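Asker: any chance you could fold what I've pasted below:
(chains A and B)
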Amino acid sequence: MSNKQLTKREENFSQWYLDVITAADLAEHGDVKGTMIIKPYGYAIWERLQRILDDKIKETGHQNAYFPMFIPKSFFSKEAAHVSGFAKECAVVTHYRLKTDEKGELVVDPEAKLQEELIVRPTSETIIHSAFSRWIKSWRDLPILINQWANIVRWEMRTRLFLRTSEFLWQEGHTAHATEAEAEAEARKMLEVYKWLAQDIMAMPVIDGQKSEAEKFAGALRTYAIEAMMQDGKSLQAGTSHNLGQGFAKAFEVKFVDENNTQQYAWMTSWGVSTRLIGGLIMTHSDNKGLVLPPQLAPIQVVIIPIIKDDNSAKKVLEAVTKLKEDLQTAAVRVHVDSRDFETMGNKMYEWEKKGVPLRIEIGPRDVENKQVMLACRDQDKKSPLPLSGAVTAITDLLLDMQKSLFIKAQKRLTENSYNIDNYSEFTKKVENGGFFYAHWCGNAKCEEEIKQETKATIRCMPFAQKEEKGVCMKCNKDSKKRVIFARAY
RNA sequence: CGGGGCGUAGCCCAGCGGCUAAGGCGCUUGGUUUGGGACCAAGAGAUCGUGAGUUCAAUUCUCACCGCCCCGACCA
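Answerer: A predicted model of the protein is given here:
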């Protein structure tokens, strides 16, 4: 990263740290504009998240499957709202062959034009539903609960590392049900899973709720989402779950014969989270020193750095290091020993700090002598001695504590930056500084749009937990029953 | 697609109508170091974005093209 950016980062930390400090070590931009290369360490974080979520998705009765990345254009155009929602950001395959021209240059062979263009999936509803229509004949075939891990492409005009890349990795669930109630329950259940993932695993507090009509998924009946607050007060949509109603079923002829021998359209859902979560993770916990990882997600939970002074003490130090490493591994702690002798102490420490390893342990001759290790927690500044006896228990406890305290810290920030607001002109000023604004809204899309135009703030969600109360829309003064969250978002 | 900026080594960049294109980071080798970003020495690494023009001479000036970044529009 350039020096200019570093300087600017210091001026305005929240704007820059995603790009500058940690993301650079986790990922770099790809060769195609807006795509990203995720480096092994960054991928290890995604991989843990993926494994944890995948287990949970299977536990809740879903099966993994895989569908093609190319979607015939005709599939895409069957659901009207869906088309208009995604049409502007699709990568399109038009040819299937290259050739060398007279000048010896590699060109697209005009002879090899596809009869029907293929869309690189921006999401897989259409292709999966077309399969569903063949798979589903009877009420006995339902529910069908499918999940897929895949890459997708959305040709965004403006990209941002981790948060909005042209190509990204995600998980997308697609289900079909016999009844509306069942589909609704499924959509809500999976949002709960995402909430659990965000809060219990990533230590990232979220607000769950329903999206407004303007913000909902193209083609959905209702969209539910979890919204997280980043350190700069901006909102990040961290996961969505859609009750698709019967719209897609009608477009793709997903029909079944019910117990009364009548043809019915299925009720569908879809839900997904993406590598955007890694961006959310970075922007929730990171500090000026780099990434801070919650222990549950950290590929390396404990790093041990042996301090070798001379050949005499080296043996004893390495013995102590190996012993502790093995004991920790027995206790299922993910531990790494940094035994590189060509790096200086300082470099090693900065590196692991930057990578967000929760606990760092140093063992040198002095520590062996005193039957202790030096321990530093990533979320605290100090370094303190820890007796070797009982060290493993102390460490596992510390990891649990850190998981909790990271969540509490983030939740405190979320609470402190959430406001009830009734005065629109006050809102327009305060929203500049970020935060969640609980405000009354009449439910009219026109007010919503005007507010967006005037303040760049959108309705993030209508929180499930929000109690009814009488009020008037902060924009137009018409009656409102509930407050919704307005915020600026990524 | 509008407005602005920038393309010189893996990265950050200096430079100038002319001589062997400078420096820092990183890398390699050897040595000394090692409890918070080490030091010394020697080295490798550059079609100066591409093409054309002006000129005795272009990395430098002009034009075109390509690419990237930022701000909008778009999207989330």
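Asker: wait, A:E182 touches A:W267, no?
Answerer: Yes: if you go by C-beta atoms under 8 Å, A:E182 and A:W267 touch, sitting 6.7 Å apart. In this view, the C-beta of every residue, glycine as well, is placed from N, C-alpha and C.
Asker: direction included, what does whatever helix or strand A:G209 lives in pair against?
Answerer: Assigned by DSSP states H and E, A:G209 belongs to strand A:206-210. Strand pairing for strand A:206-210, using DSSP bridges, gives strand A:222-229 (antiparallel), strand A:458-463 (antiparallel).
Asker: wait, what's in contact with A:G435?
Answerer: When contacts are counted by C-beta atoms under 8 Å, 6 or more residues apart in numbering, A:G435 touches A:229, A:233, A:417-419, A:487.
Asker: between A:E182 and A:W267, which is the more surrounded one?
Answerer: For A:E182 versus A:W267, the count of surrounding residues by other C-beta atoms under 10 Å is larger for A:W267: 27 against 17.
Asker: gap between the more buried one and A:H242?
Answerer: 12 Å (C-beta to C-beta, to the nearest Å).
Asker: what's the answer for A:T262, then?
Answerer: 26 Å.
Asker: if you count what's nearby, which of those two comes out ahead?
Answerer: Ranked by neighbour count (other C-beta under 10 Å), A:T262 and A:H242 place A:H242 first, with 29 against 9.
Asker: chain center to the helix or strand hosting the more buried one, what's the gap?
Answerer: Assigned by DSSP H and E, A:H242 falls within strand A:235-245. With C-alpha atoms, centre = their mean, to the nearest Å as the basis, strand A:235-245 stands 12 Å off its chain's centre.
Asker: stretch A:250-257 too?
Answerer: 32 Å.
Asker: endpoints of that stretch, how far apart?
Answerer: The first and last residues of stretch A:250-257 sit 14 Å apart, counting by C-alpha to C-alpha, to the nearest Å.
Asker: so what's the nearest residue to A:A131 once chain neighbours are set aside up against?
Answerer: Spatial nearest neighbour of A:A131, excluding adjacent residues (C-beta to C-beta, 6 or more residues apart in numbering): A:F67 at 6.7 Å. Applying C-beta under 8 Å, 6+ apart to A:F67 gives the contacts A:124, A:127-128, A:131, A:148, A:150.
Asker: what would those look like in TSV with distance to RNA strand B?
Answerer: Shown next, in TSV, are the contacts of A:F67 (distance: C-beta to the nearest atom of the strand, whole Å):
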residue	distance to RNA strand B
A:S124	15
A:I127	18
A:I128	19
A:A131	24
A:Q148	19
A:A150	17
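Asker: report the two of those separated the most.
Answerer: Distance extremes for the contacts of A:F67: the farthest pair is A:A131 and A:A150 at 14.1 Å, using C-beta to C-beta.
Asker: distance check, A:S138 against RNA strand B.
Answerer: A:S138 sits 35 Å away from RNA strand B, going by C-beta to the nearest atom of the strand, to the nearest Å.
Asker: ok, A:Q411 next?
Answerer: According to C-beta to the nearest atom of the strand, A:Q411 stands 22 Å off from RNA strand B.
Asker: tell me which helix or strand that residue sits in.
Answerer: helix A:391-416.
Asker: in its sheet, what does the helix or strand following that helix sit against?
Answerer: With elements assigned by DSSP H and E, the helix or strand that comes after helix A:391-416 is strand A:418-421. Next to strand A:418-421 in the sheet, as set by DSSP bridges, lie strand A:436-440 (parallel).
Asker: as a whole number, average confidence for the partner strand?
Answerer: Here strand A:436-440 scores 96 as its mean pLDDT.
Asker: neighbour-wise, which one of the contacts of A:F67 leads?
Answerer: That'd be A:I128 among these, by other C-beta under 10 Å, with 29 neighbours.
Asker: mind checking pLDDT for the residue of the stretch 151-300 of chain A found nearest RNA strand B?
Answerer: As assessed by C-beta to the nearest atom of the strand, RNA strand B sits closest to A:M157 within the stretch 151-300 of chain A, at 3.5 Å. Note on A:M157: pLDDT of 75.
Asker: about what we covered before: would you mind giving the strands paired with strand A:206-210 as TSV with distance to A:H29 added?
Answerer: As requested, these are exported to TSV (distance: least, C-beta to C-beta, whole Å):
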stretch	distance to A:H29
strand A:222-229	24
strand A:458-463	27
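Asker: the most centrally placed residue in chain A sits in which helix or strand?
Answerer: Central residue check for chain A by C-alpha atoms, centre = their mean: the C-alpha nearest the mean position is that of A:L277, 1.7 Å away. Secondary structure from DSSP H and E places A:L277 in helix A:276-285.
Asker: same thing with A:K250?
Answerer: helix A:247-252.
Asker: what helices or strands is that helix leaning on?
Answerer: Contact analysis of helix A:247-252 by 3 or more C-beta pairs under 8 Å, 6 or more residues apart in numbering; DSSP states H and E lists helix A:80-86, helix A:125-135, strand A:267-274 as its packing neighbours.
Asker: quick revisit: mean confidence score for the strand holding A:H242?
Answerer: Rounded mean pLDDT across strand A:235-245 is 95.
Asker: can you give me the helices in the stretch 251-400 of chain A?
Answerer: A:276-285, A:311-330, A:345-354, A:365-369, A:391-416 (DSSP state H, counting those that start in this stretch).
Asker: output the contacting helices and strands for the third one.
Answerer: Right, the one you point to is helix A:345-354. strand A:302-306, strand A:359-363.
Asker: now render those as a markdown table, adding mean pLDDT.
Answerer: Listed next are the helices and strands packed on helix A:345-354 as a markdown table, based on pLDDT from 0 to 100:
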| stretch | mean pLDDT |
| --- | --- |
| strand A:302-306 | 97 |
| strand A:359-363 | 97 |
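Asker: could these be laid out in TSV, adding distance to A:R460?
Answerer: Rendered in TSV, the data for those read as follows (distance: least, C-beta to C-beta, whole Å):
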stretch	distance to A:R460
strand A:302-306	37
strand A:359-363	35
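Asker: how about the ones you listed in JSON lines, adding distance to RNA strand B and mean neighbour count?
Answerer: What follows is the helices and strands packed on helix A:345-354, written out as JSON lines (distance: least, C-beta to the nearest atom of the strand, whole Å; neighbours: other C-beta atoms under 10 Å):
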{"stretch": "strand A:302-306", "distance to RNA strand B": "9", "mean neighbour count": "23"}
{"stretch": "strand A:359-363", "distance to RNA strand B": "4", "mean neighbour count": "23"}
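Asker: between helix A:125-135 and the helix or strand hosting A:F168, find me the angle.
Answerer: Using DSSP H and E, A:F168 falls within strand A:167-177. Calculated by axes from the mean of the first three to the mean of the last three C-alpha atoms, to 10 degrees, strand A:167-177 forms an angle of 30 degrees with helix A:125-135.
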